[in-house]
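**Student:** build me a structure from this.
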Amino acid sequence: MKAINLNVQEQDHFCLCSVLQAILKKHGSNLSQKEIAKNLTPTELTPVKNGFIHNDSRIKGFMSRNGFSYLCFGTYETPFNEPDELLKEMSVNDGIIGFRKHAYLLKSFDKDKAELINPKNGKEVRIFYQDLLKRMGHTGFFGLIKYIS
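**Tutor:** Below is the predicted model of the structure:
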């Protein structure tokens, strides 16, 4: 597995762009966060201001054009209602964890602990699985990203 090299988010609302940049960079792409942002849908017209939509056709198309599949699941919408199995798969591939209007890069998951990287400051955050699900609540999401080409 290639190491993750995350650049902190260049603007306050670029957390998703920073995470996607790290994943793309891991597989040889050198897109800037601003270039990534141009390919995503801003949330200006939604109740969540200053950010990007994490589950629409634009992000899926962008990831596909760059050689990735992208699947997004709500906290309580995971396959077979087993978020731990999804986290394992994300750990083998790549993944985004979203909660409290912020996206984190999943570094690893092992049994009952997840390691996330916060794009705001580049620091690692370790969190127990049950605490993660509580923090995610009904508005959190899992983004499973697989490199396909």
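
**Student:** ranges for the strands of the protein?
**Tutor:** Using DSSP state E, the strands of the chain run over 68-74, 94-99, 102-110, 113-117, 124-128, 141-147.

**Student:** those: which one's closest to residue 18?
**Tutor:** Minimum separation from residue 18 across those (CB to CB) falls at strand 102-110, 7.9 Å. C-beta coordinates here come from the backbone N, C-alpha and C atoms, glycine included.

**Student:** which strands and helices sit next to that closest one?
**Tutor:** Based on contacts counted as 3 or more CB pairs under 8 Å, 6 or more residues apart in numbering; DSSP states H and E, the elements that strand 102-110 packs against are helix 15-26, helix 83-92, strand 94-99, strand 113-117.

**Student:** quick one, the shortest one and strand 94-99 angle?
**Tutor:** Angular relation of strand 113-117 and strand 94-99 on a 0 to 180 degree scale: 90 degrees, by axes from the mean of the first three to the mean of the last three CA atoms, to 10 degrees.

**Student:** can you list the buried residues in strand 113-117?
**Tutor:** Along strand 113-117, the positions that meet the burial threshold by neighbour count (16 or more other CB atoms under 10 Å) are 114, 115, 116, 117.

**Student:** got a list of what residue 86 touches?
**Tutor:** Residues in contact with residue 86, defined by CB atoms under 8 Å, 6 or more residues apart in numbering, are 73, 78, 79, 142, 144.

**Student:** residue contacts, the second one?
**Tutor:** The one in question is residue 78. Contacts here follow CB under 8 Å, 6+ apart; on that basis residue 78 touches 85, 86, 142.

**Student:** check residue 70 too.
**Tutor:** Here residue 70 is in contact with 59, 60, 63, 64, 143, 144, 145 (criterion: CB under 8 Å, 6+ apart).

**Student:** distance of the closest residue to it other than its chain neighbours from residue 38?
**Tutor:** Distance criterion CB to CB, 6 or more residues apart in numbering; nearest residue to residue 70, sequence neighbours excluded, is residue 63 at 4.0 Å. With distances taken as CB to CB, to the nearest Å, residue 63 is found 14 Å from residue 38.

**Student:** and these two? which has more neighbours close in?
**Tutor:** Taking neighbours as other CB atoms under 10 Å, residue 63 and residue 38 compare with residue 63 leading, 22 against 11.

**Student:** many thanks, I have nothing further to ask.
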